[in-house]
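*Asks:* need a 3D model of the sequence below.
(one chain, ligands or ions: 1)
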Amino acid sequence: MKFGTKAIHAGQHPDPTTGAIMTPIYQTSTYWQKSPGDNKGFEYSRGTNPTRKALEDCLAALENAKYGLAFSSGMGATDAVMKLLSPGDEVITGNDLYGGSYRMFTKIYSNYGIKFHFIDLNDANAIRNYTNEKTKLIWIETPTNPTMQIVDIAAVAEIAKSKNVLLAVDNTFASPYLQNPIDLGADIVMHSVTKYLGGHSDVVMGALMLNDEDLYKRLWFIYNACGATPGPQDSFLVLRGLKTLHLRMKAHCENGRQIAQFLKTLPKVDKIYWPGFTDHPNHEIAKKQMRDFGGMISFTIKDADLQETFRVASSFKVFSLAESLGGVESLVNHPTTMTHGSIPKEEREKVGVIDSLLRLSVGVEDIEDLLEDIKQALA
Ligand SMILES: *Cc1c(COP(=O)(O)O)cnc(C)c1O
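*Replies:* Numbers count the residues shown, from 1 in each chain. Below is the predicted model:
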């Protein structure tokens, strides 16, 4: 089945009791058993729920994976992967990570004896300098947040395989519409479902998708034992959101392309971060592993201090100043004081996350209104 058909149908069947086309919200914590253990595969909703199961099967299908696991947030999904590790293990990851992932790695898991190497992954071969017998996991994000660096997933996967190390890819920024890391050799795909998959800024959720049965069993054990699983109402909302994922992504990409090109013409705009530009350092890799370039764009304002940047950030009328991304509505975000506030100044400035940087999550509104808004805010 093709992507759009899977987004609408995968994992979903007419409800056996009524024929309802939409998967019902099974708002129940527990399930009747004829005799102990004699049930229909559902025992308790922390571990299994039919609405969540339909969603997980749909999510797995979108990433061309066998298994899907939904979590109550993207961080909950990341946390489950980290719990595969033991004290003494080492992780290699990028130096331009989602702020919450960086915070979890440095403030939580470092205290449990896990060592993290935050490295520049513009050249995947850099990984070879950090692997040793303690390396158990490579965790990458591409495009990165907020500077849209591109990491070569297939190249990293090849190194991970040769060293017998798990590779997990945070695919939140691309969405499965643009990029499928498992097809490129990754072991686990992680999503903040909150973003493009949910798509309507009304749910916080995370997911893991994977193929290996043993790994799935280990992760399902953590999922059920630790319990960061979402309820049926949120699962339903995401199932509904997914039905338009392909339509929304197409519009995000088209609007993103026009805005990136428009920003280039504005004298107040300095650096623009968008993988679709041919002079983006890893444009060729982006072209190879992504189907299009997405709706996320960052840019710096020429000679702007914090006060001037705040003034611009607050002067948008269609774009809302807010954290998060991937919804139908356009958002503007100030990374150094909002999403990336938990990353030390020296660390973030190394990768260009400076005070004059703004990040746009381009929505699917009419492009004329978005361009007009950017024009007046940067006049
Ligand atoms: C938002 C986000 C997360 C965290 O997901 P939550 O659903 O907010 O917990 C992780 N990675 C990336 C790239 C994100 O944008």
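
*Asks:* ok, now which ones touch the closest residue to the ligand within the stretch 251-379 of the chain?
*Replies:* Going by CB to the nearest ligand atom, the ligand is nearest to residue 325 of the stretch 251-379 of the chain, at 6.2 Å. All C-beta spots, glycine's among them, are computed from the backbone N, C-alpha and C. Shown in contact with residue 325 (CB atoms under 8 Å, 6 or more residues apart in numbering): 173, 195, 196, 296, 331, 333, 359, 361.

*Asks:* where's it, which helix or strand?
*Replies:* Here residue 325 sits in a region with no helix or strand, counting by DSSP states H and E.

*Asks:* got it, and the one 10 residues further on?
*Replies:* Take DSSP H and E as the rule and residue 335 turns out to sit in neither a helix nor a strand.

*Asks:* for the residue in the chain that the ligand sits nearest to, give its distance to residue 200.
*Replies:* Residue nearest to the ligand within the chain: residue 74 (2.2 Å; CB to the nearest ligand atom). Note on residue 74: its distance to residue 200, by CB to CB, to the nearest Å, is 16 Å.

*Asks:* the more surrounded of those two?
*Replies:* residue 74 (23 against 15; other CB atoms under 10 Å).

*Asks:* hang on, isn't residue 313 packed against residue 358?
*Replies:* Yes: Residue 313 is in contact with residue 358 according to CB atoms under 8 Å; the separation is 6.0 Å.

*Asks:* shared neighbours, the two?
*Replies:* Going by CB under 8 Å, 6+ apart, residues that sit against residue 313 and also against residue 358 are 332, 334.

*Asks:* show me which of the two is the more surrounded one.
*Replies:* Neighbour count, other CB under 10 Å: between residue 313 and residue 358, residue 358 has more, with 25 against 19.

*Asks:* contact partners for that one?
*Replies:* 298, 299, 300, 301, 309, 312, 313, 332, 333, 334, 335.

*Asks:* tell me which helix or strand the third one sits in.
*Replies:* Which is residue 300. Per DSSP H and E: residue 300 is located in strand 296-301.

*Asks:* just the helices in the stretch 251-379 of the chain please.
*Replies:* 283-289, 306-314, 345-350, 367-377 (DSSP state H, counting those that start in this stretch).

*Asks:* again with the stretch 51-200 of the chain
*Replies:* Going by DSSP H, counting those that start in this stretch, the stretch 51-200 of the chain shows helices at 74-82, 99-103, 153-163, 175-178.

*Asks:* with mean pLDDT as added columns, please give those in JSON lines.
*Replies:* Below are the helices of the stretch 51-200 of the chain laid out as JSON lines (pLDDT from 0 to 100):
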{"stretch": "helix 74-82", "mean pLDDT": "98"}
{"stretch": "helix 99-103", "mean pLDDT": "92"}
{"stretch": "helix 153-163", "mean pLDDT": "98"}
{"stretch": "helix 175-178", "mean pLDDT": "98"}
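
*Asks:* now render those helices as CSV, adding distance to residue 23.
*Replies:* Compiled in CSV, these are given as follows (distance: least, CB to CB, whole Å):
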stretch, distance to residue 23
helix 74-82, 21
helix 99-103, 30
helix 153-163, 32
helix 175-178, 19
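
*Asks:* residue 33: which of those is closest?
*Replies:* Nearest to residue 33 among these is helix 74-82 (27.4 Å), distances taken as CB to CB.

*Asks:* what residues does the stretch 151-300 of the chain have near the ligand?
*Replies:* 170, 172, 173, 192, 194, 195, 204, 206 (CB under 6 Å from any ligand atom).

*Asks:* between those, which sits nearest residue 11?
*Replies:* Taking these together and measuring to residue 11 by CB to CB, the closest member is residue 206, at 17.2 Å.

*Asks:* enumerate every residue touching that closest one.
*Replies:* 70-78, 190-194.

*Asks:* please repeat the previous calculation with a cut-off of 7 Å.
*Replies:* 71, 73, 74, 75, 76, 77, 190, 191, 192, 193 (CB atoms under 7 Å, 6 or more residues apart in numbering).

*Asks:* hang on, the last one packs against residue 208?
*Replies:* No: counting by CB atoms under 7 Å, residue 193 sits too far from residue 208 to count as a contact (10.4 Å).

*Asks:* so what's the residue most central in space within the chain up against?
*Replies:* Of all residues in the chain, the one closest to the mean position by CA atoms, centre = their mean is residue 172, 1.5 Å from it. Shown in contact with residue 172 (CB under 7 Å, 6+ apart): 74, 191, 192, 195.

*Asks:* how about the worst-scoring helix or strand of the chain on mean pLDDT: buried residues?
*Replies:* Among the helices and strands of the chain, helix 345-350 carries the lowest confidence by mean pLDDT, DSSP states H and E, at a mean of 86. Neighbour-count burial for helix 345-350 flags 347, 348 (criterion: 16 or more other CB atoms under 10 Å).

*Asks:* same thing with stretch 35-50?
*Replies:* Neighbour-count burial for stretch 35-50 flags 42, 45, 48, 49, 50 (criterion: 16+ other CB under 10 Å).

*Asks:* also stretch 291-311?
*Replies:* Applying 16+ other CB under 10 Å to stretch 291-311 flags 292, 293, 294, 295, 296, 297, 298, 299, 300, 301, 304, 309 as buried.

*Asks:* next, the distance between the ends of it.
*Replies:* 35 Å (CA to CA, to the nearest Å).

*Asks:* can you check stretch 6-15 too?
*Replies:* First residue to last in stretch 6-15 (CA to CA) measures 18 Å.
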